[in-house]
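[1] Here's a sequence, model it:
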Amino acid sequence: METQIFELSYALDTFYFLVSGAFVMWMAAGFSMLEAGLVRSKNTTEILTKNVALFAVSCTLYLLIGYAIMYPELGQSLLSGITGDGVNDDKTYAPSADFFFQVVFVATAMSIVSGAVAERMKLMAFLAFAVVMTGFIYPMEGYWTWGEGSVFGLYALADLGFSDFAGSGIVHMAGAAAALSGVLFLGPRAGKYDANGRPRAIPGANLPLATLGMFILWMGWFGFNGGSVLATASVESANKVAVVFVNTNAAAAGGLIAALLTARLLFGKADLTMTLNGALAGLVTITAEATTPTPALATLFGAMGGVLVVFSVVLLDKLRLDDPVGAISVHGAAGLLGLLLVPLTNGEVKLSGQIIGALTIFGWVFVSSSVVWFLLKKTIGIRVTAEQEYEGVDLSECGMEAYPEFTNS
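    Below is the predicted model of the structure:
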């Protein structure tokens, strides 16, 4: 009887893990649609190509190199073709399921970079960066956090009381750090700022598509956060999954409402793009700890992320940091906020540990990314020519237009 119960638990947990990973994989479609809607029509094909290609690159590099860096023992077992015997660090799910769940997180981190460097970056340079980001940069900070390894042998974040439930810092802030570095090396899009440095609005070509992308991401986040419980075959784990779902949804709703109201107060209009990013900021914020807040607190935390993202977007514009989709604000600012809020509801987590963890993640990803961006800039170049940017990178990078019936805007 015990064997049968164990096998049933193993099957249910593994299935739940795999389905959660598939939900997170579906977020790749969300990022694709969101970014395609927020860029101009002449840059749509290239942004879609980046998103589908980065997913494939992420899966391949993390399989061959990254997973073994992040989880040395599990990585070696995976490459040797292990199928699993029900034992995986005292958790009852197939080891291969762990890899699948982890690899879609890696792709999510890389997707964040895509939108921030949109409309002026060479496709091959971006994919070259993706190779290093997913094969080395992300796995290293993942090893120090979820892998519980020591940071260059100096200190272990786990011993300092650091906690990041589903990756507000490990995934989202890391992606934002790489994106920020890329934006600094690229510079702003032509025409984004006037002679006095004041920002000009560059509207996206398809806001219905961007809205669809936001809803796909919202849906996929239930796998992102819910799957991070890592089990569902017991009463305790099933209840925890339900709590995570409720809190994740509450935070997204709180973030959307708060961003909508904040934009209305600041600009006098209900800015849709700010509203969409508010929902995503709420989701990023709650990702650091979705199990311990009450639903009311989750709503409040999400709302804080929604307010923060509006002010962050405005601030980055004033600093002439051109991020076409607001990725740095959504995933960076809200990701940091999420980490700092964890000790308010989880007494086992220390604020000092959260701060050191955030500095470690951001510092490592930003510095290492800067080295890669610098090398790419000095070798193959990272930015298209002014003429190519004016015509649209769809033609120069992909040789086709997404909307050939219409005149480029």
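[2] Could you verify my assumption that Arg189 touches Pro199?
    No: the pair Arg189 / Pro199 is not scored as a contact, 10.6 Å apart, by Cβ atoms under 8 Å. (Each C-beta comes from the backbone N, C-alpha and C, glycine too.)
[3] For Ala210, which non-adjacent residue is closest in space?
    Gly37 (2.9 Å; Cβ to Cβ, 6 or more residues apart in numbering).
[4] How about the contacts made by the one you found?
    204-213 (Cβ atoms under 8 Å, 6 or more residues apart in numbering).
[5] Tell me which other helices or strands the helix or strand encompassing Trp221 touches.
    Per DSSP states H and E, Trp221 falls inside helix 207-226. Packing contacts for helix 207-226, counted by 3 or more Cβ pairs under 8 Å, 6 or more residues apart in numbering; DSSP states H and E, involve helix 2-38, helix 235-267, helix 272-287.
[6] most tightly surrounded among the ones you listed?
    Scoring these by mean neighbour count under mean count of other Cβ atoms under 10 Å gives helix 272-287 as the most buried, with a mean of 30.
[7] Distance from the chain centre to that one, please.
    12 Å (Cα atoms, centre = their mean, to the nearest Å).
[8] and that helix, C-alpha only, in PDB?
    Provided in PDB are the C-alpha atoms of helix 272-287 (Å, rounded to 0.1, in the frame of the first residue of the first chain):
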ATOM      1  CA  LEU A 272      -3.100  51.500 -21.500                       C
ATOM      2  CA  THR A 273       0.600  50.700 -21.700                       C
ATOM      3  CA  MET A 274       1.200  51.800 -18.100                       C
ATOM      4  CA  THR A 275      -1.900  49.700 -17.100                       C
ATOM      5  CA  LEU A 276      -0.600  46.600 -18.800                       C
ATOM      6  CA  ASN A 277       2.800  47.000 -17.200                       C
ATOM      7  CA  GLY A 278       1.100  47.600 -13.800                       C
ATOM      8  CA  ALA A 279      -0.400  44.100 -13.900                       C
ATOM      9  CA  LEU A 280       3.000  42.600 -14.800                       C
ATOM     10  CA  ALA A 281       4.700  44.600 -12.100                       C
ATOM     11  CA  GLY A 282       2.200  43.300  -9.500                       C
ATOM     12  CA  LEU A 283       3.000  39.800 -10.700                       C
ATOM     13  CA  VAL A 284       6.700  40.300 -10.500                       C
ATOM     14  CA  THR A 285       6.400  41.800  -7.000                       C
ATOM     15  CA  ILE A 286       4.500  38.800  -5.500                       C
ATOM     16  CA  THR A 287       6.800  36.300  -7.200                       C
END
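[9] Fine, thanks again, bye for now.
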